[in-house]
Every structure is written in C-alpha cells, then in structure tokens.
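# Below: sequence and its predicted model.
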Amino acid sequence: MAKTMNEKIEEMLLKVTKPGRYIGNEVHMPKKNPAKVKIRFAFCFPDIYEVGMSHLGLQILYFFLNRREDVYCERAFMPWIDMITLMKEKNVPLWALETGDPIRDFSFVGFTLQHEMCFTNVLAMLNLAGIPLRRVDRGEDMPVVCAGGPCAYNPEPMSDFIDFFYIGDGEAALDDVLDIYRSHQGDKEEYLAKIARLPGIYVPSFYEADYQADLLTKFTPIHGSAPDIVKTALLPSLDEAFFPDKFLVPLIEVTHHRAVIELFRGCKRGCRFCQARATSRPIRLRSLDTLLAQAEALLDSTGHEEISLLSLSASDYPHFEPLLEGLLKLTENRNVSISLPSLRLDKISLAALDKTQKVRKSSLTFAPEAGTQRLRDVINKDMTDLDISDGLREAFKAGFDRIKLYFMTGLPTETDEDVEAISHLAHEVVEEYYRADKSEDQSQKKRRRPVSVSVSCSCFVPKPHTPLQWESQDTAEVFIEKQRRIKAKIKKKQISYRYHDAQTAVVEGVLARGDRRVGAAIESAYRLGALFDGWTELFRFDLWEQAFLETGISPDFYAHRKRSKDELLPWSFIDANGTS
C-alpha cells in the first residue's frame, strides 16, 4: 500500500538533524480547514527555519493574511541539505508546515527576498516543490509565484522566475491583490493585468528590455496595464497599521528567540550607502502608547524572556527614553531583558542604558561605518570623533563592557589611512574603557570585567536607489588586502576581528545591480550546485565563476564598473518612495 504524503514526511523526520524544523505546530499556529478557504498562500522563506522564524516581517504578514477567513497562509522554509537529499530520494515535494500539503497545489507561492545571496535557494525551493523555474514554462495549473522584500527594489535579476513582484509595505496592498484573485474569472495573464494597476506591483512579462553595446538602452511597457513607473506601496500611517498581538513561538531554538516591536519605518539620517533608508521614506512612527500596548500583548502571549526594538536608528525615536521607561515597568517583574539595537553614540542616555541592564547585561552595538571623520563625511554618516568618545564614556559609566563596532571597507574615496583607522579606533575604545575605569570615584567603583571589543567589517556593495548606486565596487583581491591590513594592525587581545567574505561580496555586487540578463547566471549557478550562498562555509565562488563564464556575465561590468549619471539603470522604472 502506497504511503501518504504525511507518512513519508514522518519517516524522513527520523533521519534528519533538527526535525523540529519541518513539523510546525508552534504555539499560536492558526489551524484552518483548507477545503473551506478560497485562497491558499505559501509564505516561503529561502533560508532554514531558524533564520526565517526570527524575521519580524514573516510574523507580521503571516498573521496579517491569516486574519482573513478566506485565506490560509502557510509556511515553507529552505530544507537543510540532509532533508533535501531525502526529499529527492523519496520523491517528496516541498510541503507547507501547517498541513503537510505540497505547496505546488496552492494559489500563491510567495518568496521574501531579504538579500541577494538567497536567490539560488529560491530556485531550489521551486524545484523541490515541482514548480518549473521559469515563469514561461508554467501552465495554468501552477500557482502564481510572487516575491517581495528588500531585493524587490531591483527585481530584474530574478524576473525570469517570478510572475509578479510586490514592492513596498506588504500591509498596504496585499488585500487588494487577494481580493482581485478571489473575484477573478479567467487565465493567469488576465489576473496579472488586473493587479498590475495596483501600487507596488511589477509584472516582468509586461515589459521589454533593449540593450546596445552591453548597456541597457530602453525599458518599455508592452502591455496596456503596465505603468511606465511602478510606484511602491506605502502605508500612510504605521500607528494604524496591522501588528499581531501574538507571535508564533517555535518549539526549537531559533536565531533570535524574542519578542520584537517595530518603532518606525524610515530614517531621518542621510547615509549615502543605505538602501533601507532610501526605500522606506517617509518616516512613519508608532505612538508610545501603541508600542507599549503591543509589547505587553506580545510578552503576555509568548512568554519570551527578551524584547527587542526594531528600526533603522532606534535612538532617533522621539520618545525613546519614555519608551524605555515604559518597557522597564513591563519587563522587570517578568524577568525579561531589553535588547537594544545599533545605537547612535551621540544619543545614548546614561540613565536609560543603566536601567536596561538590571535584568541581564548585554553588549552595545555601534556602527561608525568608517574609521576616519573624512570618510564618514563622504558617506554622510552623521557621527563625529567627539560623539564616539563621549558616547563610549557614557556607556562605560553605565556598566557596559562589551562593545560591537560595525565598519565597511571599500567605500568610495577610501585610502590606506581610512582602512588602518579602523583598527586604530578599536584600540581607542579599549583605551577609553580603562580611562573611564581609572576616573571613577574609588568609593563608587564596581569590579569590572576586562573590556571586549568586537570589530566587524563588511564589504561595501553599492545598492540600487542610493546616492552611491553609480559607484564601482572593489574587487575581491582589493577587499582581501584591506582586510589583511586591518588584521595586522590589531594588537590588543581585547579586540576580536571578523570580516565579510570578499568573494561573496563580488557575487552580491553583480546580483544587486544586475539586469534581467543576470537571471541566466543565477540559474546556471544553481544547476551547477550553488546553494546557501549566504552561508560562508557552503558558498562556492568557483561555481559562480563557471556560471558567469557559461552565460557571458562579466563581474567587471556589473560590479566593478563606475556608471555614468545618465546611464539607464535596470531599476529606473521604480519610484522607491511612491511619490513620482
């Protein structure tokens, strides 16, 4: 007797590491009868369960969609390698955690594209689901494949594989997308034509790209429903936006096991490298009362022992200190800690920081981005040397002894002096700690642990819609030499140093600013075996080199070339702020 799908899944669970990744049944998981809903939506996160379940956007959109009686939103994550092998051996298609049903039988298969290095995982999930990779190869019996997230702001590299992209705030127009589907009578193209008129919807098949001497010369709508400019979908008010009063609580340990409240979207700062700042304007705040109510509801419903504040620059929230005071009242009796995100050194409140440490001490994270004032001015990072020294002094007085510093190498106009200044600044942090220690009143002095300074250096990748989108990117060899120089200058044992893989950054650079021709290289890399490219231990640059060679895609052209300001960019048709 043939085994059922669920029986096959149960059999495989006995043979893989962490079977809890694949079973669902978390606290607060909605249970609906699939036969009684009109729309089944597979929310696909192209990384493992532990990473996806730590993402606030998944929690928000999952409950946002499931609040509708006519929709059942279920989840699928990228299986780990041992499970992939078994699925292929036993011919088991990718399933949804809620029901165990194959996602190829759903109405929608939707991916969140959080970073470029997940692109091959998207293709792997489609393949595991039994869904043809390219949209032109899918018939009417296949689900509508859609994608959103940060990488949708340049959708072109993935345009061969996605039926439509959703660009902007998911809560703004997803209801309209689903309402039209529910009432639609006709084929998939007619449905896409209807939703193409909505804000934030980009249908790749409705546009044609022309090239001359490698450069993109024209990008033209070829369907009557396709707008010349796609305006992003934006929520006018975040305070009135949907936010769940409960989260799914995983049954296994995940990357971030905590409650999260979102303070605001947008940023008043003008950092020239930051795509999130460029694509999330205008600033939209949640009120103090709303945030405290959401925090209380989440703590009551989840039992989490940590709550985190999410925004691009938390200390820019206008009611930051009253918010911390309110959170402390909620957390102290619950034995819950407050996790502070990356802060601006010039905004630290000594009293507020001191109070957040009552439950358990944590590290403080700062992002100077560059080692010198000159280079911070170039990228418009509004942080001075004085801000850094004064802020650190306050942090050390508040009892912090673990500091994380984030920098980028390869920024435009960077010199050898700028590179070496990163290690110099790390040494200054250590010296400042011991100066603060010596200056304390001996009668008030507490026993201190040795200071710990963690330095992390990423590789600058120019991103679409930012003021630096035309700049060239360093080659892997140049990045590696800069990383070596920083490491050689770090002498103190209190300082640890980590850096981004330079070859990964090169591939990311090609995908970040690629046009739709790059899709062939993505597919080639996947078919050659590229998977989990965002995982350093699994990333294989040789596969990407072969894929670029096979498809004629030049990293020099896409990543290392400086563009002219009058060049037509692959994402020029997108109004990132919905204001054009």
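Alright, I've got the coordinates. Since this is a predicted model, take the numbers as computed values, not measurements.

# In contact with D176, which residues?
I195, L198 (C-beta atoms under 8 Å, 6 or more residues apart in numbering). Bear in mind the C-beta positions are built from the backbone N, C-alpha and C, glycine included.

# rerun that using 6 Å as the cut-off
Listed by C-beta atoms under 6 Å, 6 or more residues apart in numbering, the contact set of D176 reads L198.

# pretty sure it is in a helix, no?
Yes. Secondary structure assignment places D176 in a helix (DSSP: H, G, I helix; E, B strand; the rest coil).

# Nearest residue to E306 in space, please, no chain neighbours.
The spatial neighbour of E306 that comes closest, neighbours along the chain excluded (C-beta to C-beta, 6 or more residues apart in numbering), is R258 at 3.9 Å.

# Test my guess that the one you found contacts E305.
No. Here R258 lies out of contact with E305, judged by C-beta atoms under 6 Å, at a distance of 7.7 Å.

# Tell me which of those two has more neighbours.
When R258 and E305 are compared on other C-beta atoms under 10 Å, the one with more neighbours turns out to be R258, at 19 against 16.

# For that one, grab phi and psi.
Taking degrees, to the nearest 10, you get phi -160, psi 160 for the backbone angles of R258.

# Enumerate every residue touching it.
For R258, the contacting residues are H304, E306, S308, taking C-beta under 6 Å, 6+ apart as the criterion.

# For it, give its distance to Q59.
R258 sits 11 Å away from Q59, going by C-beta to C-beta, to the nearest Å.

# same deal with I388?
From I388 to Q59 the distance is 34 Å (C-beta to C-beta).

# same thing with L178?
In this structure, L178 lies at 19 Å from Q59, with C-beta to C-beta as the measure.

# Which residue is the nearest non-sequential neighbour of S496?
Leaving out its chain neighbours, S496 is closest to S454 (C-beta to C-beta, 6+ apart), at 5.1 Å.

# tell me the SS of the one you found?
For S454, the assignment made with three-state DSSP gives strand.

# okay, it: pLDDT?
Predicted confidence (pLDDT) for S454: 95.

# what about the stretch 151-300 of the chain, any weak spots by pLDDT?
Along the stretch 151-300 of the chain, segments meeting pLDDT under 70 are nowhere present.

# quick one: the strands in it?
Under the criterion DSSP state E, counting those that start in this stretch, the stretch 151-300 of the chain carries strands at the ranges 164-166, 201-202, 207-212, 215-221, 230-231, 259-262, 264-265, 284-285.

# quick one: contacts for P19?
For P19, counting by C-beta under 6 Å, 6+ apart, the contacting residues are L13.

# any idea how far I39 is from it?
Applying C-beta to C-beta, one obtains 29 Å for the distance of P19 from I39.

# re earlier: among the contacts of R258, which are in strands?
Taking DSSP state E, the ones among those that sit in strands are E306, S308.

# Could you single out the nearest of the contacts of R258 to Q373?
Sorting those by distance to Q373 puts S308 at the head of the list, at 30.7 Å, by C-beta to C-beta.

# from memory S339 sits against E305, does it?
No. Contact between S339 and E305 fails when scored by C-beta under 6 Å: they sit 10.5 Å apart.

# my hunch is that Y72 is in a strand, does that hold up?
Yes. Counting by three-state DSSP, Y72 is part of a strand.

# can I assume it is in contact with I39?
No. Under the criterion of C-beta under 6 Å, Y72 makes no contact with I39, lying 7.4 Å away.

# Of the two, which one has the most company?
Each of Y72 and I39 has its neighbours counted (other C-beta under 10 Å); Y72 has more, 26 against 18.

# That one: what's it in contact with?
Each residue near Y72 by C-beta under 6 Å, 6+ apart is listed here: K32, P34, V37, R40.

# 10 Å - rerun?
Residues in contact with Y72 (C-beta atoms under 10 Å, 6 or more residues apart in numbering) are 30-34, 36-42, 65-66, 96, 98-99, 101, 106-107.

# Show me the residues you listed that map onto strands.
Counting by DSSP E, the members of the contacts of Y72 that fall within strands are I39, R40, F41, A42.

# how about the nearest residue to P150 once chain neighbours are set aside, secondary structure?
With C-beta to C-beta, 6+ apart as the criterion, P150 has its nearest non-adjacent residue at 6.2 Å, and that residue is Q114. Classification of Q114 by three-state DSSP places it in coil.

# G110 now?
Local secondary structure at G110 is given as strand here, using three-state DSSP.

# partners of it in the sheet?
For G110, the beta-bridge partners are F43, C146 (DSSP bridges).

# I figured it was touching P46, is that so?
No. Between G110 and P46 there is no contact under C-beta atoms under 10 Å: 11.1 Å.

# Which element is encountered next along the chain beyond the host helix or strand of E481?
E481 is part of helix 476-489, with elements assigned from DSSP states H and E. Following helix 476-489 in sequence order, the next helix or strand is strand 495-499 (DSSP H and E).
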